[in-house]
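>>> This is a predicted model, with the sequence first.
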Amino acid sequence: MDPRHKPYQPFGAALTVLSDRSAEILLVGPAGTGKTRAILEKLFLCMQKYPAMRALLVRKTRASLTQSALVTLEEKVIPDGHAMIGDASRGYRSNYMLGNGSELVLGGLDNADRIMSSEYDLIAACEATELTLEDWEKLLTRLRNGVMPYQQAIADCNPAYPAHWLYRRAQSGLMHWLESRHTDNPQWFNHSISKWTPAGEAYLATLRRLSGARRQRLLDGQWSAAEGLVYEGFSHCICQHLNGDPVYAAAGIDWGWYEPTAVVVGVLDSSNRIWIVDELYESRMDIDALAKRLEELLHRWNIEVMFADRSRPESVDWLRRRQLPVRGVPVHGVEAGIASVESRLMQRSLFTLSCCRHLVEEAAQYRYQADGHGPIQKADHAMDALRYLIMGLGDTSEAALRQPPGIPPTADKMRPDLRRSSERIWGN
């Protein structure tokens, strides 16, 4: 075949998924096994085979889809010079069209209104461990276009922690489990001589240098939590100072009385990384005292929104009357919040400054129960506040976050008094 046509030879799970007609598929395996390409090849094949079919390629955020799956689609799947690509750049593209009327729609669940208002025959969710169960079930309701002889949703991912909803859903039989291995990828393994390629040997050597749960997941393909630790990668994301341009600040609040009230402050930088820069951790603090401490944090960091546990709506209302930008965190289960935090840790887009001592100490003790179903509810106050912050930022649109109190200050527009107060952290 002409190399411009980008020939593809699937093996193992990558071959199986092409003909599998199960309603829901989980294609899971270690890093670099070719899972995403296999799904993209199926999307392209179905678009050619079924005129006027509609497919959706989705990830948690549209920006992450642009930098990952769309690169693979254009560079490895769609033939060179194909009219389907056209002149549109990946970052601004909303779809790909074939001459037979088939359409591949692109979307992120951070702006779900457009994609959720349409109907599809085939949905592919990349890095599905980033999604919540609610995200997945909403996507399933869109499978009703009826052009293909079957309607299907495919999720691809690396293994995560064993209590993840994807693992439990597949184990229950609701999803057809397809397990991908490194030998499925012909870039790493030469099937004609049953031998690893030089590139494959080098890549596996890199994965073998990983440690703990990360090695078990990305090399061995195991759903693993290191000795029960919830955030195995947390210790690798602790730093002394922040390196980025501040564009937005928010906080997470976990209520307490005898147990500490915990508040963590996170700053989003221009590279979409969240830096945990400050904390409040104190027992027996009444609502008036809490309001004063929150006001101090707000002015120190120009906090635009504070996401609080919904269990005390009266406290949320009282703080709002004090002109504090507090709102209840979007309702999701604990596991969904853990997945969001862990996803950022694994992507190296969540960092914690070492000055946040209580958060760091809790992370080192935050472990799963012996049966793996949920974390032990002990010394988890800062952990809950962190989860509320990450879930709040992840589930709220940018437009909603900025109404009110208004446009967040960038580093050059920050009020001089507030900029000086944060110089010890930012180093600018």
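Yep, that arrived.
>>> How is the protein divided into domains?
Domain assignment for the chain by automatic domain parsing gives 3-199, 234-426.
>>> Between those domains, which one is closest to residue 217.
domain 3-199 (4.5 Å; C-beta to C-beta). (Each C-beta comes from the backbone N, C-alpha and C, glycine too.)
>>> just how off-centre is that closest one within its chain?
Taking the mean of its C-alpha atoms, domain 3-199 sits 16 Å from the chain's own mean (C-alpha atoms, centre = their mean, to the nearest Å).
>>> pLDDT below threshold where in the stretch 201-350 of the chain?
Low-confidence segments of the stretch 201-350 of the chain (pLDDT under 70): 225-227.
>>> same thing but 80
Scanning the stretch 201-350 of the chain for pLDDT under 80 picks out the ranges 212-213, 224-228, 232-233, 235-236, 244, 330-333.
>>> Which residues are in contact with the most centrally placed residue in the chain?
The residue lying closest to the centre of the chain (C-alpha atoms, centre = their mean) is residue 130, at 3.5 Å. When contacts are counted by C-beta atoms under 8 Å, 6 or more residues apart in numbering, residue 130 touches 59-60, 339-340, 343.
>>> excluding its backbone neighbours, what's nearest residue 204?
Once flanking residues are discounted, residue 204 sits nearest to residue 182: 6.7 Å by C-beta to C-beta, 6 or more residues apart in numbering.
>>> try residue 51
Residue nearest to residue 51 in three dimensions, not counting chain neighbours: residue 100, with 3.9 Å by C-beta to C-beta, 6+ apart.
>>> what number of residues lie near the one you found?
Residues near residue 100, counting by other C-beta atoms under 10 Å, number 12.
>>> Please identify which helix or strand holds it.
For residue 100, there is no enclosing helix or strand under DSSP states H and E.
>>> Assess the claim that it and residue 52 are in contact.
Yes. Between residue 100 and residue 52 a contact is recorded at 7.0 Å, counting by C-beta atoms under 8 Å.
>>> Tell me, how many residues neighbour residue 281?
Neighbour count of residue 281, defined by other C-beta under 10 Å: 21.
>>> quick one, what contacts it?
When contacts are counted by C-beta under 8 Å, 6+ apart, residue 281 touches 260-263, 358, 381-382.
>>> try 6 Å this time
By C-beta atoms under 6 Å, 6 or more residues apart in numbering, residue 281 lies in contact with 260, 262, 358.
>>> Neighbours of the closest residue to residue 74 other than its chain neighbours, how many?
Distances taken as C-beta to C-beta, 6+ apart place residue 85 nearest to residue 74, at 6.1 Å, with adjacent residues excluded. Number of residues near residue 85 (other C-beta under 10 Å) recorded here: 15.
>>> any idea how far residue 162 is from residue 85?
Computed as C-beta to C-beta, to the nearest Å, the residue 85 to residue 162 distance reads 40 Å.
>>> same check, this time on residue 86
Going from residue 86 to residue 162 by C-beta to C-beta gives 44 Å.
>>> do residue 219 as well
17 Å.
>>> Can you give me the distance of residue 291 to residue 250?
Residue 291 sits 17 Å away from residue 250, taking C-beta to C-beta as the criterion.
>>> ok, the two, which is more surrounded?
Taking other C-beta under 10 Å, residue 291 and residue 250 do not tie; residue 250 has more neighbours (25 against 19).
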